[in-house]
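> below are the sequence and a predicted model for it; my questions follow.
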Amino acid sequence: MLFGGAGSSKTWKILYHVFTRALLLEGSRHICLRQRFEHVKSTLWPSAKEMCQSAFPGLWDQIETNKSGGAWTIKVNDSEILFGGLDDKERVEKHLGAEYATVYINECSEIQDENAVNLISSRLRQKIDGRHLLFCDMNPPAKSHWSYKRYLEDKVPGRTSFKINPIDVRENLPNSYIARLEALPERMRQRFLYGEFTSDIEGALWSWEMIEGTRAGLSGEDGRTVVAIDPATTANKDSDETGLIVACQKGNGWKVLEDATLKASPDVWAKVALGLYYKHGADCIVAETNQGGDMIKTIIGQIEPMVRVEEVRATKGKHVRAEPVVALYEQGLIEHAQGLGELEEQMMSWVPNVSPSPDRVDALVWALHNLALNNKPCLSIGWA
Ligand SMILES: Nc1ncnc2c1ncn2[C@@H]1O[C@H](COP(=O)(O)OP(=O)(O)OP(=O)(O)O)[C@@H](O)[C@H]1O
Ligand SMILES: [Mg+2]
C-alpha cells in the first residue's frame, strides 16, 4: 500500500509496476479498480495512457482497447489490463469471475468495507510464473478507516506500506504546487502535503466516515436545485466569509454540487449567487436573514427581479439546526461532488459552541433543510 500526499506519483508508480508485470508475464491478466467507474474514466485511464507513453516508448501503439475502453490488451503478448469501478455491480461480478496476476485498487480510502478488498484479492490466482500482487494507493484518511489498522498497525507477513510525499518528487510537479498545498487548512495540509492519517475531532458533528460515505454516488436523476447563502455582514479582512452552497435532489437523496464561499461585499456575492443560480438551473436562492442579512432580497431583486429568494431566519441554535442534516449523512443519503475539500474540512472540524461560526456549513445546512427537511418548493415564494 502506497500512501502519501497529493501528486506524489503513487498512481504513476503502481501503474508502472502493473504494466511491467503485464509485459513480463505473457498472457497474464491484471485489474485496476476504483470505487466509482466515472472516476476510473476521468482519472485512471488518462494517467495510465500518460504513464505508458512516457515510460514505455512505442508500447501504446501495441495496445488494443475494447469498445467500452475498460479492457486493454497488449498485442505482442496477449496480456490484459482491465479497468473497473466497484459501483458497477454487473461488471464487478463479471470481473470477479476471472483470475488475476495483479490487482490494483486506486484511492482505497474511498472503500468503506475492507471485505470488498479481501473479496477482490481472493481472485489473485491466475497461474503465472511469479508472485501475485495486490497494490493499493491513497491519500491517507482518518485513523478509524480500515486501511490504518490493516497496513500500519497489524503486522501481517507479506503486507507492507510505504509513504511518499509531493516534496519527495517535486521535480515532477509545477513550482507553485507545493506552495498551494502549504496554504491549505490544517487537516487538509496534514493529508495532502504530509501524507498523515488524521484523527476525528472530538465533538465534531461529522466524522471522516460520514464524509467518505458521500463518495459512493447516488442513483437517480437530479431534481430541484437551490443556492443557499449565509451572508457575512461586513467585508473587510477580519470579517467572516459568505457561505455559498449549491445542492439538489438526486433520486431518493441529495447532492451537494458546489461550494463557492467567498469573502466579498454584498453586491459581489449577490452576483456570484445569481451566476450559480443560472449555471445550475436552480429554482430559488435560500438566504439567511439574521444579522443584517435582510438586505439580500433587495440586493438580488435590484439585479434580477424575477429570481425567487426564500428568506430563512435562524430561530434555533446552529447545532440544533445541523443535527437532522447530520442524520441524512449518517443514512448515506447525501452525495458530494468532487472538489468540496474546504467544506468537508469545516464539517469535520466544527465543534458546536467551541469553534468559530462555520460559514460553509451554515449555508450547507440551509440548502439541505430547504431541499430535504422542509420539502417546500420555492414556487409559492415569488419576488414581491
Ligand atoms: N516518474 C515520473 N515521470 C514523469 N512524471 C511523473 C512521474 N511520476 C509522476 N509523474 C507526474 O506527476 C503527477 C502526479 O502523479 P500521480 O498522479 O501518480 O500522483 P498521485 O500521488 O497518485 O496523486 P493523487 O494523490 O492526486 O492521487 C502526474 O502529472 C504524473 O504524470
Ligand atoms: Mg493517484
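It's in. Ligands and ions are numbered 1, 2, ... in the order given.
> CA only for contacts and neighbour counts going forward, please
OK.
> gap between the closest residue to Glu196 other than its chain neighbours and ligand 1?
Distance criterion Cα to Cα, 6 or more residues apart in numbering; nearest residue to Glu196, sequence neighbours excluded, is Gln190 at 5.4 Å. Distance of Gln190 to ligand 1, given as Cα to the nearest ligand atom, to the nearest Å: 13 Å.
> what of Asp78?
In terms of Cα to the nearest ligand atom, Asp78 sits 26 Å off from ligand 1.
> tell me where the model's unsure across the protein.
233-239, 291-294, 375-384 (pLDDT under 70).
> picking up where we left off before, check which element follows the helix or strand where the residue nearest to Glu196 lies along the chain.
Taking DSSP states H and E as the criterion, Gln190 maps to helix 186-192. Using DSSP H and E, the helix or strand that follows helix 186-192 in sequence is helix 208-212.
> for the stretch 251-384 of the chain, which residue gets nearest to ligand 1?
Nearest residue of the stretch 251-384 of the chain to ligand 1: Gly339, at 12.0 Å (Cα to the nearest ligand atom).
> quick check: closest non-adjacent residue to that residue.
Closest to Gly339 by Cα to Cα, 6+ apart is Glu258, at 8.0 Å.
> Cys248 is in contact with that neighbour, correct?
No. Glu258 is not in contact with Cys248 according to Cα atoms under 8 Å; the separation is 10.1 Å.
> can you list phi and psi of Cys248 for me?
phi -140, psi 170 (degrees, to the nearest 10).
> does it really touch His280, like I thought?
No. Taking Cα under 8 Å as the definition, Cys248 is not a contact partner of His280, at 9.1 Å.
> what's the overlap in contacts for the two?
Here Cys248 and His280 share the contacting residues Thr225, scored by Cα atoms under 8 Å, 6 or more residues apart in numbering.
> those two - which one has more neighbours?
Neighbours were tallied for Cys248 and for His280 using other Cα atoms under 10 Å; the higher tally belongs to Cys248 (27 against 16).
> near the closest residue to that one other than its chain neighbours, how many other residues are there?
Leaving out its chain neighbours, the residue that sits closest to Cys248 by Cα to Cα, 6+ apart is Thr225, at 4.1 Å. Counted with other Cα under 10 Å, the neighbours of Thr225 add up to 26.
> what is the burial count for the residue in the stretch 151-300 of the chain positioned nearest to ligand 1?
Closest residue of the stretch 151-300 of the chain to ligand 1, Cα to the nearest ligand atom: Asn172 (5.0 Å). Residues near Asn172, counting by other Cα under 10 Å, number 12.
> do Thr65 as well
The number of residues near Thr65, taken as other Cα under 10 Å, comes to 15.
> give me phi/psi at the closest residue to it other than its chain neighbours?
Leaving aside its sequence neighbours, Thr65 sits nearest to Trp72 (Cα to Cα, 6+ apart; 4.5 Å). Dihedral angles of Trp72 (phi, psi; degrees, to the nearest 10) stand at phi -110, psi 120.
> my guess is Trp72 meets Asp61, correct?
No. Between Trp72 and Asp61 there is no contact under Cα under 8 Å: 11.6 Å.
> more neighbours: which of these two?
Using other Cα under 10 Å, the more surrounded residue of Trp72 and Asp61 is Trp72, with 18 against 10.
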